[in-house]
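> Show me how the following folds:
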Amino acid sequence: DYVLVLLIDRSNILSGTTTIHDDQGRQLGSFTLTQALDAALVDDSRVFHGVTAVTAEDPTRPAHRDVLVVTYRAR
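Numbers count the residues shown, from 1 in each chain. The predicted structure is shown next:
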């Protein structure tokens, strides 16, 4: 029912923007987790969410986006 997305680290990447949509597909907002411990808590029963693909800013260097995703189901 709820999803927590917590940014651990990101390095040498472009994008990785989180988007939030209503049940009709209309975008309600978007944001990019950029700093360690930036987080988003999403009520998954009310909205849809996704993230854009990431690409390396400098393709000659390693790139990553590490996130911890925790899901919680209310009973």
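> where are the low-confidence patches of this protein?
For the chain, no stretch has pLDDT under 70.
> mind listing what residue 67 touches?
Contacts for residue 67 (C-beta atoms under 8 Å, 6 or more residues apart in numbering) come out as 5-8, 33. (C-beta placed from N, C-alpha, C; glycine too.)
> how about 6 Å then?
5, 7 (C-beta atoms under 6 Å, 6 or more residues apart in numbering).
> So which bits of the strand or helix carrying it are buried?
Assigned by DSSP states H and E, residue 67 belongs to strand 64-72. Within strand 64-72, the residues that count as buried by 16 or more other C-beta atoms under 10 Å are 65, 67.
> got the CA positions of that strand in PDB?
C-alpha atoms of strand 64-72 as PDB (Å, rounded to 0.1, in the frame of the first residue of the first chain):
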ATOM      1  CA  HIS A  64      25.100   4.100 -10.600                       C
ATOM      2  CA  ARG A  65      21.900   5.000  -8.800                       C
ATOM      3  CA  ASP A  66      21.500   3.000  -5.600                       C
ATOM      4  CA  VAL A  67      18.100   3.100  -3.900                       C
ATOM      5  CA  LEU A  68      16.500   1.200  -1.100                       C
ATOM      6  CA  VAL A  69      12.900   0.400  -1.800                       C
ATOM      7  CA  VAL A  70      10.700  -0.700   1.100                       C
ATOM      8  CA  THR A  71       7.000  -1.700   0.600                       C
ATOM      9  CA  TYR A  72       4.500  -1.700   3.400                       C
END
